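Novice: Build me a structure from this.
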Amino acid sequence: MAVANPPLYAMVSAGGPSLFNNGQGCGTCYQIVCTGNAACSGRPITVTITDECPGGPCASEPFHFDLSGKAIGALAKPGQAGSLRAAGVLRVSYRRGTNIAFHVDAGANPFYMAFVVEYENGDGDLASVEIQLAGGGFIAMQDMRSALWKVNSGSALRGPFNIRLTSRESRKVVVAQGVIPANWRADQTYRSIINF
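Specialist: This next block holds a predicted model:
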């Protein structure tokens, strides 16, 4: 997945060992606010963990975000992105995610559904994702990479779709009812009202 393209738009971060969690944290999202620098806007941004930042402050701090240049710029007041990027280590406050969203892959079609699961809170690293077609039972989806899940079908997949998510740590289960509508389109994001 090219991080400059949807759904990430280069709003990414490498995470220190505690955030990356041996790859289990890849794909998790955090809301971040920059603090303690005059160039900080005070507006939150959302970033996705896409890699590990192994060493230096990444390993010595309990939680460390090695933000992309675009993400750092988004934390700045207008016209002050360069100043904030040059500041070095920034102080930030953070919280995990918002309501869960599903970004349908650009290659999805009536026989192939794939989406990225975004903004899981708490222990939201996923053990499984299942999709329920209109009038049918739940079907297990295959984990492709990080937060991308897919299902191939020999027949048309008809929505609206319910999505059942199972957390890896607590095994908690949540269901996003009708989150992807019958008239869904590829490369679109559909937001739920649920989270872990």
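Novice: for the record, mean pLDDT for stretch 16-36?
Specialist: Averaged across stretch 16-36, pLDDT comes to 84.
Novice: need the contact list for Ala108.
Specialist: The contact partners of Ala108, by CB atoms under 8 Å, 6 or more residues apart in numbering, come to Ala114, Phe115, Trp184, Ala186. From N, CA and C alone the C-beta is placed, and that goes for glycine too.
Novice: how does it look with 7 Å?
Specialist: Residues in contact with Ala108 (CB atoms under 7 Å, 6 or more residues apart in numbering) are Ala114, Ala186.
Novice: Just the pLDDT at it, thanks.
Specialist: Reading off the confidence values, Ala108 has pLDDT 95.
Novice: Same check on the one 10 residues further on?
Specialist: We note a pLDDT of 79 for Glu118 in this prediction.
Novice: so it touches Val104, yeah?
Specialist: No: in this structure Glu118 lies outside contact range of Val104 using CB atoms under 7 Å: 11.4 Å.
Novice: Need the nearest residue in space to the residue nearest the centre of the chain, chain neighbours excluded.
Specialist: Geometric centre of the chain, nearest residue: Glu118, 3.3 Å, by CA atoms, centre = their mean. Residue nearest to Glu118 in three dimensions, not counting chain neighbours: Ala101, with 4.5 Å by CB to CB, 6 or more residues apart in numbering.
Novice: Which positions within the lengthiest helix in the chain qualify as buried?
Specialist: If you go by DSSP state H, the chain has its longest helix at helix 69-75. Neighbour counts using 16 or more other CB atoms under 10 Å place Lys70, Ala71, Ile72, Gly73, Ala74, Leu75 of helix 69-75 among the buried residues.
Novice: What lies in contact with it?
Specialist: Here helix 69-75 has contacts from Ala10, Met11, Val12, Ser13, Cys34, Cys40, Ser41, Ile45, Val47, Ala81, Leu84, Arg85, using CB under 7 Å, 6+ apart.
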